[in-house]
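Chemist: I'd like to go over a predicted model; first the sequence, then the structure.
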Amino acid sequence: MLTRLENSAYTVASAILVVMAVMIFGNVVARFVWNSALPDTTVIIPELVVAAIMLPLAFGTRERQHISVDVFTNRLPGKVKASLFVFGTFIGLLALTPLLWFSIQDLIKVIERGSIFEGEFNLPKWPGRAFFVAGLGLCWVRLWAMLFGDIRRIRANKLDEILNEAVA
């Protein structure tokens with residue numbers, strides 16, 4: 001179920017990138033041809049950027065594709081490396097938990113106040129905040145799944161599974 005959600009979020013983020021490209025292209029053409037921008041693109045594009053970055057975050061986490069420096073850890077024994085993966089996941093959870101909590105609080109405030117972006121369409125602010133919370137929340141759940149899964153594999157002495165995931 002979690003994998004399906006992550007794949008869906010990745011697909012939605014990919015579609016959003018296409019929409020952004022079309023909007024930017026349309027905006028450039030409109031400026032060139034009519035000397036006028038498309039309405040509210042300066043509001044819509046940054047909100048779509050948030051979605052394009054945050055939605056695939058859990059997918060990248062699942063694939064262990066975040067930037068890492070392993071110059072020193074490559075020389076360590078397998079159990080130590082696997083334990084460092086668990087430690088890194090735990091640190092990630094510590095970092096994301098308050099960020100997720102305060103993002104949810106911000107989303108609730110924006111919805112309750114009915115906050116909008118001033119512009120031609122007076123677009124609501126909550127969709128961008130919701131994309132942020134959805135992407136961060138999905139990543140947070142993935143980190144918990146990885147933490148418990150990696151601990152279970154270390155206890156079962158299945159270190160190769162953890163180390164192969166990290167390399168693949």
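Modeler: Structure received.

Chemist: residues in contact with the residue lying closest to residue 117 once chain neighbours are set aside?
Modeler: Closest residue in space to residue 117, ignoring its immediate chain neighbours: residue 43 at 4.5 Å, by Cβ to Cβ, 6 or more residues apart in numbering. All C-beta spots, glycine's among them, are computed from the backbone N, C-alpha and C. Listed by Cβ atoms under 8 Å, 6 or more residues apart in numbering, the contact partners of residue 43 are 117, 119, 121, 123.

Chemist: Can you pick out the most distant pair from those?
Modeler: Between any two of these, the greatest separation by Cβ to Cβ is 8.2 Å, found for 117 and 121.

Chemist: Please identify which of the two sits among more neighbours.
Modeler: Per other Cβ atoms under 10 Å, whichever of residue 117 and residue 121 has more neighbours is residue 117, with 17 against 12.

Chemist: what comes up buried for stretch 147-158?
Modeler: By neighbour count on 16 or more other Cβ atoms under 10 Å, the buried set for stretch 147-158 is 147, 150-151, 153-154.

Chemist: Quick check: closest non-adjacent residue to residue 49.
Modeler: residue 20 (7.3 Å).

Chemist: The one you found sits in which helix or strand?
Modeler: Secondary structure assignment for residue 20, by DSSP states H and E: helix 2-34.

Chemist: so how many other residues sit close to residue 87?
Modeler: For residue 87, using other Cβ under 10 Å, the count is 12.

Chemist: Which of the helices or strands spans it?
Modeler: Per DSSP H and E: helix 78-113 holds residue 87.
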